Every structure is written in structure tokens, then in C-alpha cells.
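Asker: Task: produce atomic coordinates for the following.
(one chain, ligands or ions: 1)
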Amino acid sequence: MEKSMQKYLDKAEVLIEALPYIQRFNRKIIVVKYGGSAMVDETLKERVIQDVTLLKLVGFKPIIVHGGGKEISKWVGKVGMEPEFVNGLRVTDEATMELAEMVLGKVNKSLVQLVESLGVRAIGISGKDGKLLSVEKKYADGEDIGFVGEITHVNADILYDLLEKDFLPIVCPIGLDDAYQTYNINADDAACAIARAMKAEKLAFLTDIEGVYKDPDDPDTLISELPVTEAEALMNQGYIGGGMLPKLQNCIDAIENGVSRVHILDGRIPHCLLLEIFTNKGIGTAILNDTDERYYQGE
Ligand SMILES: NC(=[NH2+])NCCC[C@H](N)C(=O)O
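Answerer: From the prediction side, this is the model:
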């Protein structure tokens, strides 16, 4: 066959590999936790938003839940606030909460703007809107860390309504407690709670790490597919380090509560979402039920 013809066929091959996933995830809810470096770098940001709008336009129902930690820290510095810590944990006092809400609101609208510029209708809301996220005060090992909330209830109807009207919801993790006090929420926790409440097909975390490793010191041991029981075993054996531990706990919690698959992806890789969702092999770590069929059957 002519070389140029082969090149065209290779491109068609890529699209055909995506076909079963386009079929399988049609009209399915996919929660994307957007955070880390992919939020700071403008080019990466555009790639992420392109990916999510593509998911929407092929017929999936994506929901973005975003963080803003780095942007908040930047503004804390800019306005000359002194961050306060208790036992190494950052305390969210009233002034920090106020600033965090301002910054998250700004980040939220910039994401709406990007999505809209690609021709998809987006609505940005915080967990306050329609009381989407109800919280109670969270303590860290008994320590008071200020206005940090733990989700007690997700008002999923709001998101169902937006999806029904074909909007792409973009959620920032701020919630209200019973006294209507404002709280900051960890974005991973918010994404997980929303995915659970909506029985999402998928939950994807954009992180600053390639995925889960068998041996964190050996980059060749990236795990491609990880059933929950194995994930629990790795955690119990102490193989999972610092930042990954709560993340993995969230993943297991989501799977055990009805989410089919959770993906830990390296947000620093452009188009990581497309590469994970539309290929057999993926590029990150997919966490799944022990009995779940594996989509990828070797090379
Ligand atoms: N890290 C992996 N092994 N990923 C496999 C992904 C398979 C399929 N594309 C999915 O979205 O479920």
C-alpha cells in the first residue's frame, strides 16, 4: 500500500479505536476533577477544556469540579496575608475563606468562558447555588482548621436539571452548613461526592502524577488497571505514599458506591483525558471493581 494511504488509514484507526467507547459512554455522566498544574499552564488549560467539550459533543455528560489551591496561594501572597498553620495543616480563617471564594469564583468563570468559546453551553456554580453542597465543619485529627467543610449532602437534582438542558456544569467546591455559613471543601472530596450522588459512569482526577505505582521509586511500575481489592492491599502494605493515599481512598469510595471506573491521570500530559477514555490501553491508572471486565486485552 502507498505510504500516504497508510497515513490516512492510521488516522482512521485512531477514530475506530474510540468507537466502542463513544457507544459505551453515550449519555453517561463523567465527573472530571480538574486541578494541579493543568490549571496553571494556559496551554494545558486549553487542552483540558478542549477534551471536556469534545466529550460533551460526542454525547457524554461531563461535569467539571475544579480546585484552585495554587491560584488561592498566589492571591494570599499578593494581598499580603500570612497563612496560618496548625500541626502543618493550613487553617482557613474568615479572611482566607473570603479570598478563596473570590478566587474560586474567578477561576470558575474563566472556565465557563473557555467552554463557551468552544461552542458548548456551560453554567458555573458553587456548592452554594441551589444548596448543591451541604457541609458540616471538618476537624483534622481533632484540630480546628477553620472553615473547611465535609460534605453531608449533594443536591443532585440541580446537576440533573442542568444536564437535561444540555449544559456543561462547572462546579467550584464551596458549601454551606446548616447555619448558612460558608465553607471551603477539598476539590477531590467534592468531585467524589458528586460522582457518587449522581452514580456517574466515570470519575477522572487530573493530578500531577502519572498514576499509581507498585513501587513509588520505580517509574516502570505504573499500574494500568487496579481492582479495588488490590488497591486496598497496596494501601495496607504501605506502598502508597503521602498525597496519593487520600486520593486512592476517594477512588475506592467512589467505586464502592456505584461509580464504574475511576481514572487517575497526569494532567501535565496534553489531552490526557482523550488518551485515557478513547483508547484501549489508556495512559493513567484505572481503578475498577474486582469483577469488572477489562477493556484492554494486551497489545
Ligand atoms: N489506564 C487504563 N488501563 N485505562 C484503560 C481505559 C479504557 C477505556 N478507554 C476507558 O475509558 O475505560
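
Asker: what sits against residue 221?
Answerer: Contact partners of residue 221, counting by CB atoms under 8 Å, 6 or more residues apart in numbering, are 213, 214, 215. The way it works is simple: take the backbone N, C-alpha and C, and place the C-beta from them, glycine included.

Asker: Secondary structure class of the last one, three-state.
Answerer: In this case it means residue 215. Under the three-state scheme (DSSP: H, G, I helix; E, B strand; the rest coil), residue 215 adopts coil.

Asker: neighbours of it, just the number please.
Answerer: Using other CB atoms under 10 Å, residue 215 is surrounded by 10 other residues.

Asker: Ok, the second one next?
Answerer: Using other CB under 10 Å, residue 214 is surrounded by 13 other residues.

Asker: how close does it sit to residue 281?
Answerer: Separation of residue 214 from residue 281 (CB to CB, to the nearest Å) stands at 17 Å.

Asker: Kindly report the same for residue 180.
Answerer: 48 Å.

Asker: quick one, which of the two is more surrounded?
Answerer: Using other CB under 10 Å as the criterion, residue 180 and residue 281 rank with residue 281 on top: 14 against 8.

Asker: Isn't the more buried one up against residue 225?
Answerer: No. Look at residue 281 against residue 225 with CB atoms under 8 Å: they stay out of range, at 9.6 Å.

Asker: Checking the closest residue to the ligand within the stretch 1-150 of the chain next. Helix, strand or coil?
Answerer: Closest to the ligand within the stretch 1-150 of the chain is residue 21: 5.1 Å, counting by CB to the nearest ligand atom. Under the three-state scheme (three-state DSSP), residue 21 adopts helix.

Asker: ditto for the one 10 residues further on
Answerer: For residue 31, the assignment made with three-state DSSP gives strand.

Asker: Just to check, it is in contact with residue 194?
Answerer: Yes. Counting by CB under 8 Å, residue 31 does reach residue 194; the two are 5.6 Å apart.

Asker: okay, and the common contacts of those two?
Answerer: Common neighbours of residue 31 and residue 194 (CB under 8 Å, 6+ apart) are 63, 65, 200.
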